[in-house]
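1. Sequence plus predicted model, see below.
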Amino acid sequence: MASRDFYDVLGVSREASADELRRAYRRLAREYHPDRNPDDAQAEERFKQVTRAYEVLSDAEKRKVYDELGMEAEAIGFDPEQARTYRQWAEQQARGGTSRGGKGQGVPSDFADIFGDLFGAGRRGAASGSSGPELGPDIRAEMQVDFRDAILGAERRISFERPGKGTTCSSCLGRGRTRVTRGGMQLEIPCAACGGEGEVRGLGERVSLAVRVPPGVDEDQIIRLKGQGGAGLRGGGSGDLLIRLRVGDHPYLRRDGLDIHMDVPVSIKESMSGGVIEIPTLQGKKVNLRLPRGVKAGQKLRISGKGVPGREGQQNGHLYVHPYVVLPEPASKEDLAYWEAIERLESYYVKPVRDSLQP
């Protein structure tokens, strides 16, 4: 996370009360939560910043150390004991003690000048606040489902790579920190071997899971499986598995929200005189649809409730039938004679109307 003042991250003053901090955090966490901003790296980073800022400022002891040392407090893990050590050292330097720059140099103007060589490589671990349990990372994957399964729901399997579980770091024995002495001051710094985590991750594993696809899902919808992500560290819970759905096309159906549209061929006779035809549905049962006399291309006929299943109290969508006339190809003189008769009949009705058109 970028070194940015935690109060600025939450948009509060340095005198903000615990309630003000809580309200600011909840508002920003809702705004930038990954579930509301899928595949938005900036929003995800902002969410991490907001969460980290609140973790520090909502803890009275950590906030006290932060208010005294600023962002450099992360270098000592917001440890009050180490902050006390630094104060004693600084007082000693102010009285003319020996520093790296020689006697009488006073307190360095930048706390980072003191600890830069100590925390350069390990600062990432210290900044993460790795003393307690840490939630495992979320895993993102994609799964292809066909059109019918997306509408009606199904159970499918997905395979993905899951990061290995954490094992105790052999260098620091799980403490995450090592003790060093610099300039007469004894400090603990993040372990270089594990980055201050106290654990190192093992090799990943290939996992196969059964996934229930709920009815009515759509393209790019996310299915979240709690606890199926990467393992946590130091006893922290596992992250989640976030599955982005890719819905296949259908040869003669298309979806519009909760409605489904179907192109259905009809004969000339059915188009002219109307009648009842059978329409297949995704639910597996055919339904009868009455064609009106003289149905035309471009008309759509509704079959109520046979679209996408509604969720959370929503009504089901509808199935819209778009009839179109299929003309047979004549193969004999008799067929040609038949079509000529039809053409004369149609011309009787069509030609006068066409002749009356004015550009």
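-> Perfect, thanks for sending it.

2. How about the secondary structure of the nearest residue to residue 266 once chain neighbours are set aside?
-> Sequence neighbours aside, residue 323 is the residue nearest to residue 266 in space, at 4.7 Å (criterion: CB to CB, 6 or more residues apart in numbering). (C-beta placed from N, C-alpha, C; glycine too.) When states are read from DSSP: H, G, I helix; E, B strand; the rest coil, the local structure at residue 323 comes out as strand.

3. So for stretch 335-349, mean pLDDT?
-> Mean pLDDT, computed over stretch 335-349, is 76.

4. now it, how far from the chain's geometric center?
-> Stretch 335-349 has its average C-alpha position 61 Å from the chain's average C-alpha position, going by CA atoms, centre = their mean, to the nearest Å.

5. same check, this time on stretch 193-201
-> Taking the mean of its C-alpha atoms, stretch 193-201 sits 27 Å from the chain's own mean (CA atoms, centre = their mean).

6. Listing partners with orientation, what would you give for the helix or strand containing residue 243?
-> Residue 243 is part of strand 241-247 when elements are defined by DSSP states H and E. Sheet pairing of strand 241-247 (DSSP bridges) gives strand 139-145 (parallel), strand 222-225 (antiparallel).

7. just so I know, which of these lies nearest residue 171?
-> With CB to CB, the closest approach to residue 171 among the strands paired with strand 241-247 belongs to strand 139-145: 27.7 Å.

8. Residues contacting the closest one, please?
-> Contact with strand 139-145 is made by 154, 156, 158, 160-163, 211, 213, 217, 223, 228-230, 239-248, as judged by CB atoms under 8 Å, 6 or more residues apart in numbering.

9. what's the answer for stretch 229-241, then?
-> Contacts of stretch 229-241 from elsewhere in the structure, counted by CB under 8 Å, 6+ apart, are 130, 132-139, 141, 160, 162-166, 174, 197-199, 201, 209, 224-228, 242.

10. Could you pick out the buried ones from those residues?
-> Burial by neighbour count, judged by 16 or more other CB atoms under 10 Å, picks out 130, 134, 136-139, 141, 160, 162-163, 165-166, 174, 197-199, 201, 225, 228, 242 from those.

11. related to what we said a few turns ago, starting from the strand holding residue 243, tell me the next helix or strand along the chain.
-> On the C-terminal side of strand 241-247, the closest following helix or strand by DSSP H and E is strand 253-256.

12. That next one: which residues count as buried?
-> Residues 253, 255 are the ones in strand 253-256 that count as buried (16+ other CB under 10 Å).

13. quick one: what helix or strand has residue 288 in it?
-> Using DSSP H and E, residue 288 sits within strand 287-291.

14. Can you tell me which helices and strands the following helix or strand past that strand packs against?
-> Beyond strand 287-291 on the C-terminal side, the first helix or strand identified by DSSP H and E is strand 301-303. The criterion is 3 or more CB pairs under 8 Å, 6 or more residues apart in numbering; DSSP states H and E, and the helices and strands that strand 301-303 contacts are strand 287-291, strand 319-325.

15. right, so of the ones you listed, which gets closest to residue 192?
-> Checked against CB to CB, the stretch from the helices and strands packed on strand 301-303 lying closest is strand 319-325, at 64.0 Å.

16. Buried residues, stretch 306-324. List them.
-> 306-309, 316-321, 323.

17. Apologies, that question was intended for stretch 9-29.
-> Neighbour-count burial for stretch 9-29, counted by 16+ other CB under 10 Å, picks out 9-10, 12, 16, 21, 24-25, 28.

18. May I have the beta-bridge partners of residue 143?
-> Residue 143 has the following beta-bridge partners by DSSP bridges: residue 245.

19. and if you look at residue 266?
-> With DSSP bridges as the criterion, residue 266 is bridged to residue 325.

20. for residue 139, same thing?
-> So, taking DSSP bridges as the rule, residue 139 has residue 241 as bridge partners.

21. Out of the strands paired with strand 241-247, the one nearest residue 190 is which?
-> With distances scored as CB to CB, the stretch of those nearest to residue 190 is strand 139-145 (26.0 Å).

22. Tell me the gap between that closest one and the middle of its chain.
-> Distance of strand 139-145 from the chain centroid (CA atoms, centre = their mean) equals 11 Å.

23. and that strand, C-alpha only, in CSV?
-> Extracted C-alpha coordinates of strand 139-145, given in CSV (Å, rounded to 0.1, in the frame of the first residue of the first chain):
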residue,chain,number,x,y,z
ILE,A,139,-9.0,-16.8,-6.2
ARG,A,140,-10.7,-15.7,-9.5
ALA,A,141,-11.7,-18.2,-12.1
GLU,A,142,-14.0,-18.5,-15.1
MET,A,143,-16.5,-21.2,-16.0
GLN,A,144,-18.4,-21.8,-19.3
VAL,A,145,-22.1,-22.8,-19.0
